[in-house]
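Visitor: Compute the structure for the input listed below.
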Amino acid sequence: MSYASNTNVSIEKSQIEIKEMLRRHGAGRVGIIEDDNQATVAFEYQKLLIQMSIKLPAKEAFRMSPSKRSRRTDQQMIKEWEQASRQKWRVLLLTIKAKLNGIAEGVTTLEHEFMAFVVMPNGVTFGEFAMPKLIEASKTGQMPRIALPGGVQ
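Guide: Residues are numbered from 1 along each chain as shown. A predicted model of the protein is given here:
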């Protein structure tokens, strides 16, 4: 069973908890952006802009029952979709909480916990930028040439 798969905590309450927790840990400029299939929490922490996104479930993914033998009513589909969406927000809250607590207790550092989520000058996160290069390096056994913003290598 997935973490918080049966949660009754509303999405709004999870979002408020995330914002309050980030502010307690010293983050500034906290914002949440949502669309139909993705949610993003963005904040400034120790002069770095950090952006964490999660994919949200599509409503139509809940049209069929788990056995795929029967169609759910619109009301059933929405109920299951809302539950899955609440669960995603609880997981995001737990992830951020674990990272911030690890930093606060000296178990890890800001750089280690949020490196992949730091927004670079061109608007992509460092993880989006670096991951393809890391995958290629693991396949070839060769260190990648990495061009950083401003032409630095």
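Visitor: Helix, strand, or coil at Phe43?
Guide: Secondary structure, DSSP: H, G, I helix; E, B strand; the rest coil: Phe43 is strand.
Visitor: Look up how far Lys59 lies from it.
Guide: Taken as Cβ to Cβ, to the nearest Å, the spacing of Phe43 relative to Lys59 amounts to 28 Å. To be clear about C-beta, it is placed using only N, CA and C from the backbone, and glycine gets the same treatment.
Visitor: Give me the more crowded residue out of the two.
Guide: Under the neighbour definition other Cβ atoms under 10 Å, Phe43 and Lys59 were set side by side, and Phe43 has more, 24 against 17.
Visitor: List of residues touching the strand or helix carrying Pro132?
Guide: Assigned by DSSP states H and E, Pro132 belongs to helix 126-140. In this structure, residues lying in contact with helix 126-140 by Cβ atoms under 8 Å, 6 or more residues apart in numbering are 115-118, 120, 143-144, 146.
Visitor: Just name the closest of those to Arg63, please.
Guide: Of all the contacts of helix 126-140, Arg63 sits closest to Phe117, with 32.7 Å by Cβ to Cβ.
Visitor: Could you export stretch 6-20 as CSV, CA atoms only?
Guide: Included here for stretch 6-20 are C-alpha records, laid out as CSV according to Å, rounded to 0.1, in the frame of the first residue of the first chain:
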residue,chain,number,x,y,z
ASN,A,6,-6.2,6.5,2.4
THR,A,7,-5.6,10.0,3.5
ASN,A,8,-8.6,12.3,4.2
VAL,A,9,-6.5,15.4,4.4
SER,A,10,-7.5,17.9,1.7
ILE,A,11,-5.2,19.1,-1.0
GLU,A,12,-5.6,22.6,0.3
LYS,A,13,-4.5,21.6,3.8
SER,A,14,-1.5,19.8,2.4
GLN,A,15,-0.6,22.9,0.4
ILE,A,16,-0.9,25.2,3.5
GLU,A,17,1.3,22.7,5.5
ILE,A,18,3.9,22.8,2.8
LYS,A,19,4.0,26.6,2.7
GLU,A,20,4.1,26.9,6.5
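Visitor: so where is this protein shaky, pLDDT-wise?
Guide: Residues of the chain that meet the criterion pLDDT under 70 lie in 1, 146-153.
Visitor: the helices in it, which residues?
Guide: Assigned by DSSP state H, the helices in the chain fall at 11-24, 74-104, 110-114, 126-140.
Visitor: Pull out the buried positions in the second one.
Guide: Looking back up the chat, that one is helix 74-104. Burial within helix 74-104, assessed by neighbour count using 16 or more other Cβ atoms under 10 Å, is assigned to 77, 80-81, 83-93, 95-96, 99-100, 103.
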